[in-house]
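1. Predicted structure and sequence below. I'll ask about it afterward.
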Amino acid sequence: MRSKENSYNTTYMTTSKIDFLKGFIRTIDDYPIKGVFFKDISPLLANVKAMKIASECLAQTLPAKIISSVMAIESRGFIFGSVLSIVNNASFIMIRKAAKLPPVISNVFFDSKSEYSKEKLGFNSSYLNKGIILIHDDVLATGGTVKSVVEALINQCGINSSNIYLSFLVELSFLKGKHSLLEEDIIPETHIKSLIVY
């Protein structure tokens, strides 16, 4: 279990390991729509060594606080999000497309806009442990999706933004997603961590 100190351990985040992981991420131009440069992490997931290193590195970027819940965004966020929940002995909550959630009264729904789509997402709030919450997704692009999750937690679940942390495998810095989150004062900069930055 992690200590309650608010610091980050970057032992695993060496340049050589990050470069190694980048070698397993390919760019697919004009997918899923024209103008989008899709970062495909499938080759990384298919390589056991790369998966292990990525998991270790992501775990080391997390705050040295006790995380009570890990939320992950559909669908590639589920992969490392579930790993991070196990590492932190925290509940794992899937953020899914609304139509894929079983109908229960504890569902929280919200509109989300990414760089190439608009959709309604949701999660079952009954699984949420109201302590430190980590939201994980595979890629931080424009920041629209994760922003909508944070706003739903604050406005519909009563979670203080100081208790929310964001984790990403990949950040596309040229799309200014992090800048957008900071500009609108959504969450402190120290609460946003990306492992691989392009």
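-> Yep, that arrived.
2. drop to CA atoms for contacts and neighbour counts, all remaining ones
-> Fine.
3. Now do the contacts for L182.
-> 188-189 (C-alpha atoms under 8 Å, 6 or more residues apart in numbering).
4. can I get the CA coordinates of the helix or strand harbouring it in CSV?
-> For L182, the host element (DSSP states H and E) is helix 177-183. Output in CSV follows, covering the C-alpha atoms of helix 177-183 (Å, rounded to 0.1, in the frame of the first residue of the first chain):
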residue,chain,number,x,y,z
GLY,A,177,-5.4,18.7,-24.0
LYS,A,178,-3.4,19.4,-20.8
HIS,A,179,-3.3,23.1,-21.6
SER,A,180,-7.1,23.1,-22.0
LEU,A,181,-7.6,21.4,-18.6
LEU,A,182,-5.2,23.9,-16.9
GLU,A,183,-6.6,26.9,-18.7
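5. ok now that helix, how far from the chain's centre?
-> Computed by C-alpha atoms, centre = their mean, to the nearest Å, the separation of helix 177-183 from the middle of its chain amounts to 15 Å.
6. Contacts made by stretch 21-41 with the rest, please.
-> 42-44, 50, 53-54, 116, 196.
7. Tell me which of those residues fall in strands.
-> I196 (DSSP state E).
8. List the buried residues in the helix holding L182.
-> For helix 177-183, burial by neighbour count (16 or more other C-alpha atoms under 10 Å) applies to 177-178, 181.
9. what does stretch 154-169 give?
-> Within stretch 154-169, the residues that count as buried by 16+ other C-alpha under 10 Å are 154, 159-161, 164-169.
10. roughly how far is that stretch from the heart of the chain?
-> Distance, centroid of stretch 154-169 to centroid of chain: 11 Å (C-alpha atoms, centre = their mean).
11. could I get it in CSV with only the CA atoms?
-> The C-alpha coordinates for stretch 154-169 follow below in CSV (Å, rounded to 0.1, in the frame of the first residue of the first chain):
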residue,chain,number,x,y,z
ILE,A,154,-17.5,17.2,-9.2
ASN,A,155,-21.0,18.3,-10.2
GLN,A,156,-22.9,15.1,-9.9
CYS,A,157,-21.0,13.1,-7.3
GLY,A,158,-19.7,15.9,-5.0
ILE,A,159,-16.0,15.0,-5.4
ASN,A,160,-13.6,17.8,-4.7
SER,A,161,-11.2,18.4,-7.6
SER,A,162,-8.2,18.2,-5.2
ASN,A,163,-9.0,14.5,-4.8
ILE,A,164,-8.9,13.7,-8.5
TYR,A,165,-5.8,12.6,-10.4
LEU,A,166,-5.3,11.9,-14.1
SER,A,167,-3.1,9.2,-15.6
PHE,A,168,-2.3,8.7,-19.3
LEU,A,169,-0.2,6.2,-21.2
